[in-house]
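Chemist: This is the structure alone, sequence omitted:
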């Protein structure tokens, strides 16, 4: 079998077209994976939302039971006050933890830096310098 000799322009065009096709295939795969993940997370979120009232009612019964149990040694108002303060302390700790997590830098910056490094490697250029956060 004899191969036809192609010009450098034709070879470059073939490489670019192949790269574009590869990019399109990766983009289609990303879209399909994203749709599948969204469907899975949506179903899980729906289940959580559906079961949340049961959890809240159960938690309420446990709090009342604890307050009634503490009433054996404390006045009823003091027992319910202690259980309420316990709930507020747990909720406050959870909110504090969530706020601290939100204040951490996002992982997107790391992903962008990785993409820039890959781009520089492919193009054979020097990667862009990271700005200092000082």
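Modeler: In hand now; what should we look at? Being a predicted model, the structure only gives us computed values, none of them experimental.

Chemist: Report the mean per-residue pLDDT for the helix or strand containing residue 93.
Modeler: Residue 93 belongs to helix 76-102 when assigned by DSSP states H and E. For helix 76-102, mean pLDDT rounds to 91.

Chemist: Show me how far that helix is from its chain's centre.
Modeler: 26 Å (C-alpha atoms, centre = their mean, to the nearest Å).

Chemist: Could you do stretch 71-83 as well?
Modeler: 41 Å.

Chemist: tell me the secondary structure for residue 104?
Modeler: coil (DSSP: H, G, I helix; E, B strand; the rest coil).

Chemist: Counting by contacts, list what the longest helix seen in the chain packs against.
Modeler: As assigned by DSSP state H, the longest helix anywhere in the chain is helix 8-70. If contacts are counted by 3 or more C-beta pairs under 8 Å, 6 or more residues apart in numbering; DSSP states H and E, helix 8-70 sits against helix 76-102. C-beta here means a position set from N, CA and C on the backbone, and glycine is covered the same way.

Chemist: May I see the buried residues of the helix it packs on?
Modeler: Using 16 or more other C-beta atoms under 10 Å as the test for burial, helix 76-102 gives 79-80, 83.

Chemist: Check the nearest residue in space to residue 14 that is not next to it in sequence and give its pLDDT.
Modeler: Distances taken as C-beta to C-beta, 6 or more residues apart in numbering place residue 6 nearest to residue 14, at 7.6 Å, with adjacent residues excluded. For residue 6, the model assigns a pLDDT of 72.

Chemist: quick revisit: how far does the longest helix of the chain sit from the chain's center?
Modeler: With C-alpha atoms, centre = their mean, you get 9 Å for helix 8-70.
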